[in-house]
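Asks: I'd like to go over a predicted model; first the sequence, then the structure.
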Amino acid sequence: MNASMLSYILFSCLLLSVQAEYCGVREIIRYAQRLLDDSSVSCPCRQTATSSCSCLPIPERGHELACFVDGTKHLMENSKSPNPVLTRVYWTFQALLDRNLCKRLAHSDQCQYETKGNVKEFLEKILTTYQEIDK
C-alpha cells in the first residue's frame, strides 16, 4: 500500500468521524496556494486538442465541488510526474463530494460551467471559493 492511499484511508476515517459539516477549508486553501506557487502547474489554456494543457472548468455556483473533482482529476491524469499535493486535493474533493459533507458547495454531483480557464485560473477559483467559506 503506498503512502497516498494510506493517507486517503486515514483521511476518509477522519471525515467519517466528524459529525459537523466538513469542507476542509484551511487544508484546501493551504494546498491551493502551494499549487499556485508551483510554476510547473502553470501553462496556457488553449482550446485546441494539440495543447499539452487543456482548459479546466470554472464552475457555476452550486457546482463547485463536482468541477473541482473533474479539474483536479484531469490535472493528475495529464501531469508528467505525480504531485502529492494535487493528489491529496483531488482525494479530498472526491471524499467531500461522495459523502456530501460540504453542504455549501455540493449542490450537484455534475460539473456545470460556462467558461474554462487555465490551471492558474482554475486553482484561483478553488482558492477564492474556499476563502469565501472561511469568512
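Replies: Arrived safely.

Asks: after the helix or strand bottoming out on mean pLDDT in the chain, which helix or strand is next?
Replies: Counting by mean pLDDT, DSSP states H and E, the chain has its least confident helix or strand at helix 3-17, which shows a mean of 59. Next in sequence after helix 3-17, counting helices and strands by DSSP states H and E, comes helix 25-37.

Asks: now that following helix: average pLDDT?
Replies: Helix 25-37 carries an average pLDDT of 92.

Asks: strands along the chain, start to end?
Replies: Secondary structure of the chain (DSSP state E): strands at 56-59, 113-117.

Asks: any idea which of those strands scores lowest on pLDDT?
Replies: strand 113-117 (a mean of 90).

Asks: what sits up against it?
Replies: C45, Q47, C55, L56, P57, I58, P59, E60, H63, C67, K125 (CB atoms under 8 Å, 6 or more residues apart in numbering). Any C-beta I mention is one placed from the backbone N, CA and C, and that applies to glycine too.

Asks: so how many other residues sit close to the last one?
Replies: What that stands for is K125. 22 (other CB atoms under 10 Å).

Asks: nearest residue to the spatially most central residue of the chain in space, please, no chain neighbours.
Replies: Residue closest to the average C-alpha location in the chain (CA atoms, centre = their mean): F68, at 4.0 Å. Once flanking residues are discounted, F68 sits nearest to F93: 4.7 Å by CB to CB, 6 or more residues apart in numbering.

Asks: contacts only, for that neighbour.
Replies: F93 touches L65, F68, V69, T72, counting by CB under 8 Å, 6+ apart.

Asks: closest to L101 out of these?
Replies: The closest of the contacts of F93 to L101 turns out to be L65 (CB to CB; 9.5 Å).

Asks: contact partners for that closest one?
Replies: Here L65 is in contact with F93, L96, L97, C102, L105, A106 (CB under 8 Å, 6+ apart).

Asks: contacting residues around the fourth one?
Replies: Contacts were defined as CB under 8 Å, 6+ apart; by that measure C102 touches E21, Y22, C23, G24, L65, L96.

Asks: widest-spaced pair of the contacts of strand 113-117?
Replies: Most distant of those, by CB to CB, are Q47 and H63, 20.9 Å apart.
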